[in-house]
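S.K.: My questions are about this predicted structure, shown below with the sequence.
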Amino acid sequence: MSAPTFPPGDFPCVLLTIRVTDNAYADSDDAYVYPARYRAALAPLEAGQPMLALIYEPRHGGGRMAYVAWALLTTPPEPLGKGLGGQQEWRVRYDGGLIPLPRPVAQEVSGHVFETLLRSVPRELRGPAQRGMSVRALVWEDFCAVLEAAGLIPRALDTQLDSVEDMGRQRVAVERLVRDRGFRLRVLSAYGWRCAVTGWSAPPDLSHALLDAAHLVSVAQGGSDGVRNGLALTPTVHRLFDAGMVSFTFEDGLWRLQRQQSLDDLRLEGAGSRLELVHGQPLILPSDRRLWPEVGAVSQSA
């Protein structure tokens, strides 16, 4: 999967409403199903343009009345046939699954209503106003404001003087989120959803929470977001790599683990489990050698 690219200007965004219970469309963490009447909100994706989705839980269905997750959409929706009430249904897949926000964000915080569409609607009428609008286009600035409130991107300054600079900063921050998401998916897929060091694996629908994609050379130091600059690692091994306690070198035609002396002071075992990290052990790499790390890459934390 190639890295998603966006045209200049604001990213196309969409809001998807998901019920925690009474989920008639059987939505999941991997895909969202919707009737044909909502196709217009996802028209850019149908035309082949990637989109960003914000996930909202309404009160009806046991939700938190809050924005709870986001997702990257790059695959055009697929028709499913007729579903509820004989309506044509479509399914859109999240690239790598939903990404939970660090903290849920209510529709209104300290008097500020995040969606432009709802700002003129009295609070007591917002619920009824959203009926029949489970899928709706979302303004780019509103999407960014929710991510700011959740702590995912830096909060913009409130001064008019800095508004242009703030918008640029927002765009760079979101682009980094999207790029990181694409890098993770490409690396984990190449490695078969398996840690290159331990061999521990997770199914694709859980890997976004249980496996990391580590840069061999950080982007800040000139590393790319290509698969050959990445390794699939468990979070523990990734943290050890970031801390400089393990590294990776190419020797005798194989990529091998290098165990640093500082690792000897750690206790890497617990009740019923033990993490074995043997100096010189070969890494578990993709079957396609073209996806192996580049020989000569310098092992540095991401």
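M.R.: That came through fine.
S.K.: how much space between residue 230 and residue 38?
M.R.: Using Cβ to Cβ, to the nearest Å, we find residue 230 at a distance of 36 Å from residue 38. C-betas here are computed from N, CA, C, even on glycine.
S.K.: Over to residue 201?
M.R.: 36 Å.
S.K.: Over to residue 98?
M.R.: 18 Å.
S.K.: ditto for residue 295
M.R.: The value you get for residue 295 to residue 38, if Cβ to Cβ is used, is 49 Å.
S.K.: which one of the two has more residues nearby?
M.R.: A side-by-side neighbour count of residue 295 and residue 38, using other Cβ atoms under 10 Å, places residue 38 first with 19 against 10.
S.K.: pull the CA atoms of stretch 126-137 into CSV?
M.R.: Presented in CSV, the C-alpha positions along stretch 126-137 are these (Å, rounded to 0.1, in the frame of the first residue of the first chain):
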residue,chain,number,x,y,z
ARG,A,126,-29.2,18.9,18.8
GLY,A,127,-30.2,15.3,19.3
PRO,A,128,-33.3,15.6,17.0
ALA,A,129,-31.3,17.7,14.5
GLN,A,130,-28.8,14.9,14.0
ARG,A,131,-31.4,12.2,13.2
GLY,A,132,-31.0,11.2,9.6
MET,A,133,-27.5,12.6,9.6
SER,A,134,-25.5,9.7,10.9
VAL,A,135,-23.0,10.3,8.1
ARG,A,136,-22.2,13.9,7.3
ALA,A,137,-19.5,16.0,5.8
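S.K.: Figure out how far that stretch is from the centre of its chain.
M.R.: 25 Å (Cα atoms, centre = their mean, to the nearest Å).
S.K.: Could I get the phi/psi values of the closest residue to residue 150 other than its chain neighbours?
M.R.: Using Cβ to Cβ, 6 or more residues apart in numbering and skipping the chain neighbours, the partner closest in space to residue 150 is residue 101 (4.0 Å). Main-chain torsions, residue 101, degrees, to the nearest 10: phi -70, psi 150.
S.K.: how many neighbours does residue 101 have?
M.R.: Counted with other Cβ under 10 Å, residue 101 comes out at 20.
S.K.: can you tell me how far it sits from residue 236?
M.R.: Residue 101 is 24 Å from residue 236, by Cβ to Cβ.
S.K.: now do residue 49
M.R.: Going from residue 49 to residue 236 by Cβ to Cβ gives 38 Å.
S.K.: Same check on residue 28?
M.R.: When residue 28 is compared with residue 236 (using Cβ to Cβ), they lie 28 Å apart.
S.K.: Then residue 124?
M.R.: To residue 236, residue 124 is 49 Å away according to Cβ to Cβ.
S.K.: Looking at the two, which is more packed in?
M.R.: Using other Cβ under 10 Å as the criterion, residue 124 and residue 236 rank with residue 236 on top: 16 against 7.
S.K.: Isn't the more buried one up against residue 266?
M.R.: No: look at residue 236 against residue 266 with Cβ atoms under 8 Å: they stay out of range, at 10.4 Å.
S.K.: Who are the contact partners of the closest residue to residue 147 other than its chain neighbours?
M.R.: With sequence-adjacent residues excluded and distances taken as Cβ to Cβ, 6+ apart, residue 147 is closest to residue 153, at 4.9 Å. When contacts are counted by Cβ atoms under 8 Å, 6 or more residues apart in numbering, residue 153 touches 144, 147, 170, 173, 174, 177.
S.K.: how does it look with 7 Å?
M.R.: 144, 147, 170, 173, 174 (Cβ atoms under 7 Å, 6 or more residues apart in numbering).
S.K.: Neighbour-wise, which one of these leads?
M.R.: residue 144 (26 neighbours).
S.K.: where's that residue relative to residue 128, distance?
M.R.: Taken as Cβ to Cβ, the span from residue 144 to residue 128 is 27 Å.
S.K.: quick one, what contacts the residue nearest to residue 138 when sequence neighbours are not counted?
M.R.: Spatial nearest neighbour of residue 138, excluding adjacent residues (Cβ to Cβ, 6+ apart): residue 13 at 4.1 Å. For residue 13, the contact set (Cβ under 7 Å, 6+ apart) comprises 51, 52, 54, 138, 140, 143.
S.K.: quick one: the first one and residue 45 touch, right?
M.R.: Spelled out, it's residue 51. Yes: Residue 51 is within contact range of residue 45, at 4.8 Å (criterion: Cβ atoms under 7 Å).
S.K.: who has more neighbours, these two?
M.R.: In this view residue 51 and residue 45 are compared by other Cβ under 10 Å, and residue 51 has more residues nearby, 23 against 20.
S.K.: Run through the bridge partners of the more buried one.
M.R.: residue 73 (DSSP bridges).
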